[in-house]
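Student: Sequence first, predicted model second:
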Amino acid sequence: MSIFNLFKRSTIKCPRCLGKRFVDWDDIRRLNRQLKWVPAPCAYCDATGRVPKEMLSKVSVDCMYLTIDLPESVIEKIREGDPETIEKGKRRELFVDHLIKYSEHHYLTENLDAESIANLYLKFEAENAPFAVTKEELIKYIQGVIELKKTVLN
């Protein structure tokens, strides 16, 4: 064993991307993150395919908030297990879960389209929402919820 191995962090194959360095649709389905992620370089392993073993105890593999589009400082806080940053991520996931359920409910029970659901949401829900969203983003997102619901129902 060389002296350099003593200082090397013990790593394992990334459980999020399975070592591919990229999260694809199969990974998204496997981790049940449809409507929450899109295919992209893996933020869990920083697109290296490997993670330190201790990361598994700090950050859940399916942590919705840990995505590649966050500022590097936020990604680092998540990887280090910063409680405040992790809590913000949990609040964001609850917001997204609520939006999905809200959209599904109005689509299934009232047969509303994406734009009508977005208008209803913006009129009655947006003021109390913890995160802001534009009407265009909201319509696009709700359309994705509807499309996924259609494929599940068929």
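Tutor: Great, that's in hand.
Student: any idea what the residue sitting nearest the centre point of the chain is structurally, helix, strand or coil?
Tutor: The centre of the chain sits closest to residue 64, judged by Cα atoms, centre = their mean, with a distance of 3.0 Å. With DSSP: H, G, I helix; E, B strand; the rest coil as the basis, residue 64 sits in coil.
Student: Setting aside sequence neighbours, what's the nearest residue to it?
Tutor: Excluding its sequence neighbours, the residue lying closest to residue 64 (Cβ to Cβ, 6 or more residues apart in numbering) is residue 93, at 4.5 Å. (C-beta placed from N, C-alpha, C; glycine too.)
Student: I'd assumed that neighbour was in a strand, is it?
Tutor: No. Looking at residue 93 with three-state DSSP, it is helix, so not inside a strand.
Student: can you count the residues close to it?
Tutor: Counted with other Cβ atoms under 10 Å, residues neighbouring residue 93 total 16.
Student: Could you pull up the residues touching it?
Tutor: 36, 64-65 (Cβ atoms under 8 Å, 6 or more residues apart in numbering).
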